[in-house]
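Coordinates for the following, if possible.
(chains A and B)
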Number of protein chains: 2
Amino acid sequence: MSKQLWFSVIAYRFIAPPDNFYTFLAFLIPMLIKDVSLLESGQLLNGRDILIQGNRIIKIGRDLSDEPGEELIDGHGQLAIPGLINAHTHLAMTLLRGYADDMELMPWLQEKIWPLEARLTEEDIRWGVKLGCLELIRFGVTCYSDMYYYPDVAANATKETGLRAFISGVIFDMKPEMLGQVEPFVSRWKGDDLIMPTVGPHSVYACSKETLLKAKEIADRHDVIIHTHLSETREEVEGSNLTTGKSPVEYLDTLGMANERLAAAHCVWLSERDCYLLAKGKVNVVNCTVSNLKLASGIAPLNTLMKANVNVCLGTDGASSNNNLNLFEEMKVTAIVQKNAYHTPAAFSAEQIWHLATENAYRAFGLNLGLHAGALADLSLINLKTRPWLYPFSNMVSHLVYSMTGGVDTTIVNGKVLMRDGVIPGEAAILEEAQKRFKRLVSLAE
Amino acid sequence: MSKQLWFSVIAYRFIAPPDNFYTFLAFLIPMLIKDVSLLESGQLLNGRDILIQGNRIIKIGRDLSDEPGEELIDGHGQLAIPGLINAHTHLAMTLLRGYADDMELMPWLQEKIWPLEARLTEEDIRWGVKLGCLELIRFGVTCYSDMYYYPDVAANATKETGLRAFISGVIFDMKPEMLGQVEPFVSRWKGDDLIMPTVGPHSVYACSKETLLKAKEIADRHDVIIHTHLSETREEVEGSNLTTGKSPVEYLDTLGMANERLAAAHCVWLSERDCYLLAKGKVNVVNCTVSNLKLASGIAPLNTLMKANVNVCLGTDGASSNNNLNLFEEMKVTAIVQKNAYHTPAAFSAEQIWHLATENAYRAFGLNLGLHAGALADLSLINLKTRPWLYPFSNMVSHLVYSMTGGVDTTIVNGKVLMRDGVIPGEAAILEEAQKRFKRLVSLAE
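Have a look, this model is predicted:
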């Protein structure tokens, strides 16, 4: 192969022009991560190689081939972990981070968030999403599930950064035009290699029965996930009981929506019957502990849900109520808050919590992920040499859940390197543009 | 000045040989941080210079002198923050991180922690402390308050890393020899520029009245802080009520110890009268939310304490129950857990929480710290360009409390650079030795 050709192939992994020719080439050129550490059944193994071809992990083992054709990544002193999934967020809201905190819910929404949201343009969404993608890449989150405005813009912006995402436009009755946009959006993106369209009815309190059933119909027809907010606050549950005579979970169940197609965010205020229905229907529950605490919404009965065998995964919610998108932090806060809520440090093990952010999320979204041959090549590398908080090497799963803080160093999604040794190409321009868009938005709102 | 001399002066700031000659030279050579961003009354100011001479900040302003003699640090794109204080930890226990988690308290102590602690040698303490110091330096914690075994070893190890610390040996009746070692330790270290000795009676349940009064007498005689655990668990309070007829706070009050000399860690289970006594006596309370949650000890009535004007600061506790030493994480978890506990997102502002980790801690420990002329030069720099979670620049105090995760980039203590752009000289050797010591300990315990 000529020098130019090699250059193109390597450049592809960083720059990723949307070009089938390069994509085809990248499938030919394997990537080899040499001499990395990884976890197998909770045990730390050193000196492993990970061979990636195209968008898949081909093989993991010792002393795998190191041929001249391969793109090499030196994994020495680094820990490889499989991609994390942030299963509930509103990524474009990253642009609103820190704009309003520490306020009661209604003044917060009415005086701050809604006026700003009313002014959001497609360009704001684009740069808000890109800002959020930078953050996810740095936190080792290789896939996220979103619900917000302008889903096509979010999908395109995400695809440009190289992340994997499940994206829904938000549907509610206040903006009836949103419902009509869902099916075309789903049709446009169904079959994409990185973007999986979903259907996003906001909640039982923001959508009429007709809207919910229409959303269900579209999701069933296209075999895609329904992403919604469910039983987030006590007021929501009380309201549902008053207007329908049922809890929000019971209500969705009577509509035939409490099933494995549903990814239900929050699920804080649940009766025992609700837990039973979520388990029976195999609903995927997305716990958002940090956001629930910051908004004083309460603490989900996670131990009860898990004892009922509900598939629980984790989400950060949007940066307006978290305020970051860090799944490591979410894991730790979830674990310790649940221990305290159930009055025993033995409630939840680090292994269980680690599973919420990985295996459970992979199951919820039907993705073949993980560090094993055949899986999609979504993973990240953590440089241990600059992270004393991961020493000593006593129990690395415990460290990932209870001690890891901040970001990772290298992130690979779908076989492509999005960040290498802390460098994301094009990051400075995104930060600058996001800052400009935020200033413009605030100046309009004042 | 000759080239060699310059080299020595610059090398001093990194290598820090314990040598009066270099110390003297460093006092002569100013350090100038150019074009940095910082917070003033919550507002982000850009383009500021910070001039440091010896161990003090001399001046902060625009376009300060940039003379050939100065050591220059380029602060462009970085945020300077004053040093954080971790007001309650057991630093040597960093060596035990991840060794035992997710267990009930008594099996955890009896089967895991105590057998290992019984085998701890001075060398284990030394490397545990050094491992912890690496972590503190990386988290922008410039000063910590410790209670553990072999305080002389901890003090020497800390001094070698260049951090500031308040250190006490632990006193309890199970090991009566500890009490006799306190006064000589205090005498040895009183007057040191970095190490402030304190007196550390473990708790009212582990120390007899005589021991507590003796500890008080030593602390009064030498005018040093008393560092203790107070009302951490419900069992402790119930036990105190049964044996003394008083709550732990009331009991310390009757001994004349509930005063401004006392730094009381935890204070989770407090009656209204306890809160009143802590306020009246001007006791400094060290809240340790993360550790309290992980051990399922409960949630401190922080809002009530602060409304009573108690001076509250923050600590991580040891790495066996946290499991890291990250004060940013402590700030965020404290804020959101308290909001939820008091049922309103308006409980606690980011500004209030930021004060706990800075101003309140400075007051508790009587230190002139902060980003102002005359203060001790304890500060850190955060590179904003690689931290998308600190964008947009809407409210930087909110970002520091709710969004900051992981470490800082440059840490300066007492006018000396301990980490620059993420590099701590000698870190690799400390990590390696800590790992070795941990393996040896565990092999002995098995």
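
so A:Leu262 touches A:Val286, yeah?
No - A:Leu262 sits out of contact with A:Val286 when judged by CB atoms under 8 Å, with a separation of 10.2 Å. All C-beta spots, glycine's among them, are computed from the backbone N, C-alpha and C.

Which of the two has more residues huddled nearby?
A:Val286 (30 against 22; other CB atoms under 10 Å in any protein chain shown).

what's the neighbour count on A:Cys207?
22.

do the same with A:Asn156
By the measure other CB under 10 Å, the count of residues near A:Asn156 is 17.

what's the closest non-adjacent residue to it?
In this structure, A:Asn156 finds its nearest non-sequential neighbour in A:Arg126, 7.6 Å apart by CB to CB, 6 or more residues apart in numbering or on different chains.

what's the answer for A:Asp74, then?
That would be A:Lys34: by CB to CB, 6+ apart, it lies 5.9 Å from A:Asp74.

So which residues on the stretch 51-200 of chain A come close to chain B?
Neighbours of chain B within the stretch 51-200 of chain A, by CB under 8 Å from any CB of the partner chain: A:95-99, A:101-105, A:108, A:131, A:134-135, A:138.

quick one: which of those residues is nearest to A:Gly69?
For those, the minimum distance to A:Gly69 (CB to CB) is 30.0 Å, reached by A:Arg138.

one step back: can you tell me which residues contact the residue nearest to A:Asn156?
A:153-154, A:156-157 (CB atoms under 8 Å, 6 or more residues apart in numbering or on different chains).

now A:Glu272
Applying CB under 8 Å, 6+ apart, the residues near A:Glu272 are A:Thr304.

Now with 10 Å, please.
Residues near A:Glu272 by CB atoms under 10 Å, 6 or more residues apart in numbering or on different chains: A:301, A:304, A:308.

What subset of these is buried?
Buried positions within those, assessed by neighbour count (16 or more other CB atoms under 10 Å in any protein chain shown), are A:301, A:308.

Using TSV, lay out the contacts of A:Glu272 together with secondary structure.
Compiled in TSV, those are given as follows (DSSP: H, G, I helix; E, B strand; the rest coil):
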residue	secondary structure
A:Pro301	coil
A:Thr304	helix
A:Ala308	coil
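
Would you format the contacts of A:Glu272 as TSV with pLDDT included?
Formatted as TSV, the contacts of A:Glu272 follow (pLDDT from 0 to 100):
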residue	pLDDT
A:Pro301	98
A:Thr304	94
A:Ala308	95
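
show me which of the contacts of A:Glu272 neighbour chain B.
Counting by CB under 10 Å from any CB of the partner chain, nothing from these sits close to chain B.

Any quick ChimeraX command for the buried ones out of the residues of the stretch 51-200 of chain A next to chain B?
Selection of the buried residues among those in ChimeraX, burial being defined by 16+ other CB under 10 Å:
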select /A:95,96,97,98,99,101,102,103,105,108,131,134,135,138
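
Mind checking which of the residues of the stretch 51-200 of chain A next to chain B are in strands?
Among those, DSSP state E puts none in strands.

Give me the distance between the top helix by length along chain A and the centre of its chain.
Counting by DSSP state H, the longest helix found in chain A is helix A:427-445. Chain-centre distance of helix A:427-445: 23 Å, with CA atoms, centre = their mean, to the nearest Å.

that older thread, would you point out the most distant pair within the contacts of A:Arg126?
A:Ala154 and A:Asn156 (7.5 Å).

Between these two, which contacts overlap?
Joint contacts of A:Ala154 and A:Asn156 (CB under 10 Å, 6+ apart) are A:122, A:125-126, A:129, A:195.

so which two of these are the farthest from each other?
A:Glu122 and A:Ile195 (16.6 Å).

which of those two has more neighbours?
A:Ile195 (22 against 13).

Run a quick neighbour tally on the closest residue to that one other than its chain neighbours.
Spatial nearest neighbour of A:Ile195, chain neighbours left out: A:Ala155 (4.5 Å); criterion: CB to CB, 6+ apart. Using other CB under 10 Å, A:Ala155 has 23 neighbouring residues.

repeat for the one 5 residues further on
By the other CB under 10 Å criterion, the neighbourhood of A:Glu160 contains 15 residues.

picking that back up, the residue nearest to A:Ile195 reaches A:Pro197, doesn't it?
Yes - assessed by CB atoms under 10 Å, A:Ala155 is found in contact with A:Pro197 at 7.5 Å.

For A:Thr316, give me its contacts.
A:86-91, A:132, A:135-136, A:139, A:141, A:144, A:286, A:288-291, A:322-327, A:329-330.

Go again with 7 Å.
Listed by CB atoms under 7 Å, 6 or more residues apart in numbering or on different chains, the contact partners of A:Thr316 are A:86, A:89, A:288, A:290-291, A:322, A:324-327, A:330.

B:Met419: which of the contacts of A:Glu272 is nearest?
A:Pro301 (42.8 Å).

Need the phi and psi values for that closest one.
phi -80, psi 70 (degrees, to the nearest 10).

any idea how far chain B is from it?
Per CB to the nearest CB, to the nearest Å, A:Pro301 is found 14 Å from chain B.

Just give me the neighbour total for the closest residue to that residue other than its chain neighbours.
Spatially, and ignoring its direct neighbours in sequence, A:Pro301 is nearest to A:Leu270 (5.7 Å; CB to CB, 6+ apart). Neighbour count of A:Leu270, defined by other CB under 10 Å: 25.

and if you look at A:Ile430?
A:Ile430: 22 neighbours (other CB under 10 Å).

Just the pLDDT at the closest residue to it other than its chain neighbours, thanks.
In space, and not counting its chain neighbours, A:Ile430 is closest to A:Lys130: 4.7 Å by CB to CB, 6+ apart. Note on A:Lys130: pLDDT of 98.

cool, A:Leu262 as well?
A:Leu262 is given a pLDDT of 98.

quick one: common contacting residues for A:Ala155 and A:Pro197?
By CB under 7 Å, 6+ apart, A:Ala155 and A:Pro197 have these common neighbours: A:167, A:189.

For the residue of chain A found nearest chain B, which three-state class applies?
Going by CB to the nearest CB, chain B is nearest to A:Gly406 of chain A, at 1.7 Å. Reducing the assignment at A:Gly406 to three states with three-state DSSP gives coil.

shouldn't it be in contact with B:Gly407?
Yes - using CB atoms under 7 Å, A:Gly406 is in contact with B:Gly407, at 6.1 Å.

quick check, A:Asp253 in a helix?
Yes - counting by three-state DSSP, A:Asp253 is part of a helix.

Please look at it and A:Leu277 and confirm they touch.
Yes - with contact taken as CB under 7 Å, A:Asp253 and A:Leu277 are classed as touching, separated by 4.9 Å.

low-scoring stretches of the stretch 201-350 of chain A, by residue?
By pLDDT under 70, the stretch 201-350 of chain A has no low-scoring segment.

Need the contact partners of stretch A:175-189.
A:151-152, A:155, A:169-172, A:195, A:197, A:199, A:211, A:214, A:218, A:222, A:224.

Among those, which ones are in strands?
Counting by DSSP E, these contribute A:169-171, A:195, A:197 to strands.

sorry, back to before: just the angle for the helix or strand encompassing the residue nearest to A:Asn156 relative to helix A:427-445, thanks.
Counting by DSSP states H and E, the element that carries A:Arg126 is helix A:122-138. Going by axes from the mean of the first three to the mean of the last three CA atoms, to 10 degrees, helix A:122-138 is angled at 140 degrees with respect to helix A:427-445.

tell me the mean pLDDT over the next helix or strand after helix A:122-138?
Using DSSP H and E, the next helix or strand after helix A:122-138 towards the C-terminus is strand A:141-148. Regarding strand A:141-148, the rounded mean pLDDT is 98.
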